[in-house]
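**Q** Could you look at this predicted model? Sequence included:
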Amino acid sequence: MIQRRHHIAAALISIVYGVAASAAPPPTKPGKSESAPAAPAAEAAPAPAEKPATLREVASHVQWYRGSYAREATGFQFPVPATYHLAESNDARNLEMASGRPDDPEAVAWIVPLNMPITNPQTWVVRVRWRGDGLINANPADLEAPQLQSAQARPAEKRLSSSGGAFKAFVETPQLRGHVVNWVEERTPASGKGAVFDCHAIRLARRGILEFSIVGVSDAVRKTCTETLRTFADNVTFDSAHEYPDPPGTTPKAPYSLSTLVAQTK
C-alpha cells in the first residue's frame, strides 16, 4: 500500500511539475538590438575671420628699392632720388590696405623718404598708379575754369588717389606743362573738421596716365608737394611704343577728358 501511494504521489508530482514546466514562457531569444537614433551633427563653427595685418607687420616684409624703377609692360622708367626708396606692386598694395584703405589694383609703387619710417603716422607717401584707359587729349582749354566747373557738376567717378571727403578749392590750379598736368586741391575730411590737401602730377602716355600723388597731408607738406611730384613726373620716360604721341594719331581714346579726369567725374 505504502509503495503504491509512493507511485501515485510520484505520478502526481510528475504531472504537476510537467504542467508547470509547459506553462513557463520560453526563454527570450536574443534579438537584434535597435541602435538609438543618431544625434544630428553639430554645424561646424564658422572659421574666425582672419585678422588683417597691421602696417608694422606688412612693413617688416617689404622689399625696398633704390636707384631707378622700370616697368617693361607699360614701357616707362624713372629715377628714384637718393633720398627716397620704393616699394612696388604687391608690397605697395599691401601697404595701402594695412593703412586702412581699400585694395588698389592700379597701384604701381609707394615712394617714401628714407628718413621717414613708414609706420610713423606723419610719414607722407608718393603713390604711383597706372591707368591704361587710353589716350587723353592734351587740350589746355580743358583746364580753364569754365570747363573744370562744368566737369565738377557731373556725377562723381573716382579715378585718382584721394584723401576722401569733399572738394573745397584748388590751391594750385591745374596746369599742363608738356606731357604733365599738376595741381593741388584742398579737401574737407569726412568728419567735416579741418582741411587736408591732395597733390597730383599726371604724366600723359599713349595708352593711359601715370599718376604721382601725395594725399591727405597738412599745409606744411602741401607747400613742397608740387616740387616733389614734378621731380618724379618730369623725369619719367616712355619707350617709343608708349610715349605720348604728337599728334595723337589713331590710338584708342580714354572715355573721359582732361577736365573730367581732374574733377574725377563722368
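**A** Ah, there it is.

**Q** any idea how far residue 228 is from residue 63?
**A** Counting by Cβ to Cβ, to the nearest Å, the gap from residue 228 to residue 63 is 23 Å. From N, CA and C alone the C-beta is placed, and that goes for glycine too.

**Q** show me where the stretch 101-250 of the chain has strands.
**A** Ranges of strands in the stretch 101-250 of the chain, per DSSP state E, counting those that start in this stretch, are 107-113, 126-131, 166-177, 180-188, 196-204, 209-217, 237-238.

**Q** Listing partners with orientation, what would you give for the last one?
**A** Strands that pair with strand 237-238, judged by DSSP bridges, come out as strand 76-80 (antiparallel).

**Q** For the strand it pairs with, which residues meet the burial criterion?
**A** Applying a neighbour-count criterion of 16 or more other Cβ atoms under 10 Å, one finds 76, 78, 80 buried in strand 76-80.

**Q** what pairs with the second one across the strands?
**A** What that stands for is residue 78. Under the criterion used (DSSP bridges), residue 78 bridges to residue 69.

**Q** which ones are touching it?
**A** 68, 69, 70, 232, 235, 236, 237 (Cβ atoms under 8 Å, 6 or more residues apart in numbering).

**Q** Of the residues you listed, which is the most crowded?
**A** Within the contacts of residue 78, residue 232 tops the neighbour count with 22 neighbours, counted by other Cβ atoms under 10 Å.

**Q** For residue 152, give me its contacts.
**A** 167, 263, 265.

**Q** Angles on the backbone of the second one, please.
**A** Taking degrees, to the nearest 10, you get phi -80, psi -20 for the backbone angles of residue 263.

**Q** Looking at per-residue confidence, what score does the spatially closest residue to it that is not a sequence neighbour get?
**A** Counting by Cβ to Cβ, 6 or more residues apart in numbering, residue 263 lies nearest to residue 151, which is 3.9 Å off, once chain neighbours are set aside. On pLDDT, residue 151 comes in at 98.

**Q** Any idea how many residues pack against residue 151?
**A** So residue 151, with other Cβ under 10 Å, has 21 neighbours.

**Q** Over to residue 226?
**A** So residue 226, with other Cβ under 10 Å, has 19 neighbours.

**Q** Next one: it from residue 120, what distance?
**A** In terms of Cβ to Cβ, residue 226 sits 23 Å off from residue 120.

**Q** Which strand residues bridge the spatially closest residue to residue 126 that is not a sequence neighbour?
**A** Using Cβ to Cβ, 6+ apart and skipping residues adjacent in sequence, the residue nearest residue 126 is residue 111, 3.9 Å away. Counting by DSSP bridges, residue 111 is bridged to residue 86, residue 126.

**Q** Thank you kindly, that will do.
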